[in-house]
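Undergrad: With the sequence up front, the predicted model follows.
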Amino acid sequence: MKNIFVVCAFLFAFAAPALAADGKGLAMTKPAEVGDYIQADAPYGQGTLRKLFMKVYETSLWTDAKTWSMKEPFALCIRYNMNFKDKDLVKRTFEEMGRSGLVTQADRETFGPQLTALFHDVHPGDVITAVFLPGRGAVFYYNGKPRGKLEDIAFAKRFFNIWLGPDTSEPDLRDRLLALK
């Protein structure tokens with residue numbers, strides 16, 4: 001019984017921090033494409049998404065605004081630490097969007113092909129950058145190369161709310177990105 005307790009305590013001690021979204025120790029530099037839209041030299045906020053013992057990705061939010069809002073341009077950069085297929089990224093996007101509201105079949109039919117064209121299979125070290133431009137939508141990059149635009153403003157906002165909205169599945173990461181922690 002004592003051995004089981006020691007093993008459980010050991011696992012909990014190492015698992016609890018790994019479940020958190022932290023921003024400590026990140027050295028995510030500003031991707032060149034962000035400089036086309038944002039002048040800031042440092043990210044507004046940053047964090048790491050971890051699941052159990054795995055680092056899924058590191059992310060940073062860039063804006064020139066004193067207080068982040070969707071009324072000012074901003075860029076969300078995600079540096080992946082795992083492999084994901086583009087179709088899995090699209091599927092997960094719709095799942096996460098569904099947390100804050102209904103995702104209809106029409107949404108899937110309209111925006112699914114657009115997201116598939118914007119995304120790319122990712123591997124450790126790959127970076128997807130999405131830049132929100134108020135009144136215009138979003139521009140996407142993969143490893144610094146343009147992938148395309150998402151011109152539907154309402155859908156673009158829903159996309160960014162995956163990380164920045166109050167109904168996100170990762171509130172600790174949201175707090176770090178929005179410099180609330």
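TA: That came in fine, so what should we check first?

Undergrad: ok, which stretches of the chain are helices?
TA: Listed in chain order, the helices of the chain (DSSP state H) span 2-19, 86-98, 105-118, 153-164, 171-177.

Undergrad: Which of the ones you listed sits closest to Ser60?
TA: helix 171-177 (7.7 Å; C-beta to C-beta). Using the backbone N, CA and C atoms, a C-beta is placed for each residue, glycine as well.

Undergrad: Other residues contacting the closest one?
TA: Defining contact as C-beta atoms under 8 Å, 6 or more residues apart in numbering, one finds that helix 171-177 is touched by 20-23, 44-49, 59-61, 76, 163-166, 168, 180-181.

Undergrad: Give me whichever of the helices of the chain is most buried.
TA: Using mean count of other C-beta atoms under 10 Å, the stretch among the helices of the chain with the largest mean neighbour count is helix 171-177, at a mean of 21.

Undergrad: what's the average pLDDT for it?
TA: In this model, helix 171-177 has a mean pLDDT of 96.

Undergrad: And it, how far out from the chain middle?
TA: From the chain centre to the centre of helix 171-177 is a distance of 10 Å (C-alpha atoms, centre = their mean, to the nearest Å).

Undergrad: before we move on, what about stretch 129-140?
TA: On C-alpha atoms, centre = their mean, the centre of stretch 129-140 falls 14 Å from that of its chain.

Undergrad: Start and end of that stretch, how far apart?
TA: 6 Å (C-alpha to C-alpha, to the nearest Å).

Undergrad: Also stretch 127-138?
TA: From start residue to end residue, stretch 127-138 stretches across 16 Å - C-alpha to C-alpha.

Undergrad: do stretch 116-129 as well
TA: First-to-last residue span, stretch 116-129, C-alpha to C-alpha: 15 Å.

Undergrad: Which among the helices of the chain is found nearest to Pro124?
TA: Here helix 86-98 is closest among those (C-beta to C-beta), at 14.8 Å.

Undergrad: Show me where this protein dips below the pLDDT cut-off.
TA: 1-27 (pLDDT under 70).

Undergrad: one more time with 80, if that's ok
TA: 1-28, 100-102, 181 (pLDDT under 80).

Undergrad: just checking, what packs against the lengthiest strand in the chain?
TA: The strand that spans the most residues within the chain, counting by DSSP state E, is strand 54-63. In terms of contacts (3 or more C-beta pairs under 8 Å, 6 or more residues apart in numbering; DSSP states H and E), strand 54-63 is packed against strand 45-51, strand 74-80, helix 153-164, helix 171-177.
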